[in-house]
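Undergrad: Next input, structure requested:
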Amino acid sequence: MPRIVREADVVWEGTVSRGAGVVEATSSGAFELPVTIASRVGDPEGKTSPEELLAAAHATCFVTSLGSELARARTPPERLVVHCTITMDEVQGIGHRIVASAIVASGVVPGCDAAAFAQAAETADQGCSFSALIRASATVTISANLEQGES
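TA: Reported below is the predicted structural model:
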């Protein structure tokens with residue numbers, strides 16, 4: 001795989017406590033999202049946060065890794081759904097840190113049984129660069145459930 005470089009910008013106006021910003025995907029132009037400190041520590045009120053963006057990134061990395069593993073096993077998925085929950089908490093003597101990322105994956109995969117799906121999810125986790133990044137300082141858990149497809 002070639003080296004991948006992507007970029008994002010944040011423009012913030014005002015103080016951290018009373019100001020607001022916009023995070024923009026400058027590499028792709030795919031999104032421009034509002035962000036405030038309140039959206040990070042309280043009610044999001046339609047704005048995003050770094051933790052939500054990390055959850056989206058981890059879920060996306062994992063779903064592409066899982067899809068690749070299933071295709072490699074000659075059981076390409078019809079549908080995969082991945083939910084990621086990022087938890088930030090106070091770590092004594094350090095401050096606030098990401099302490100966990102929990103992935104819940106389900107899928108409709110013809111020709112695949114539950115054990116093979118679970119194995120593909122484990123291998124996908126090992127190959128997901130965001131799992132590795134998060135695991136360097138937090139826990140990552142994976143739950144994988146195979147759904148029955150339509151016959």
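Undergrad: In PDB, could you pull the C-alpha coordinates for the host helix or strand of Asp9?
TA: In this assignment (DSSP states H and E), Asp9 forms part of strand 8-13. The C-alpha trace of strand 8-13 is given here as PDB (Å, rounded to 0.1, in the frame of the first residue of the first chain):
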ATOM      1  CA  ALA A   8      -7.700  18.700   8.100                       C
ATOM      2  CA  ASP A   9      -7.800  22.200   9.300                       C
ATOM      3  CA  VAL A  10      -9.600  23.800  12.300                       C
ATOM      4  CA  VAL A  11     -10.300  27.500  12.400                       C
ATOM      5  CA  TRP A  12     -11.300  28.600  15.900                       C
ATOM      6  CA  GLU A  13     -12.600  32.100  16.800                       C
END
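Undergrad: Quickly list the domain ranges of the chain.
TA: 8-41, 50-147 (automatic domain parsing).
Undergrad: Most tightly packed of those domains?
TA: domain 50-147 (a mean of 17; mean count of other Cβ atoms under 10 Å). (C-beta placed from N, C-alpha, C; glycine too.)
Undergrad: quick one: contacts for the residue most central in space within the chain?
TA: The residue lying closest to the centre of the chain (Cα atoms, centre = their mean) is His58, at 2.1 Å. Residues near His58 by Cβ atoms under 8 Å, 6 or more residues apart in numbering: Cys84, Ile86, Ser101, Ile103, Cys128, Phe130, Ser131, Ile134.
Undergrad: For Ser49, see how far away the fifth one is.
TA: Spelled out, that is Cys128. Relative to Ser49, Cys128 is positioned 21 Å away (criterion: Cβ to Cβ, to the nearest Å).
Undergrad: Same check on the last one?
TA: In this view, Ile134 and Ser49 are 16 Å apart by Cβ to Cβ.
Undergrad: quick one on the thing from earlier: quick one: what helix or strand has the residue nearest to the centre of the chain in it?
TA: Secondary structure from DSSP H and E places His58 in helix 50-72.
Undergrad: After that helix, which helix or strand is next? Please name it.
TA: Scanning onward from helix 50-72 (DSSP H and E), the first element met is strand 79-91.
Undergrad: helices and strands around that following strand, which ones?
TA: When contacts are defined as 3 or more Cβ pairs under 8 Å, 6 or more residues apart in numbering; DSSP states H and E, strand 79-91 packs onto helix 50-72, strand 95-108.
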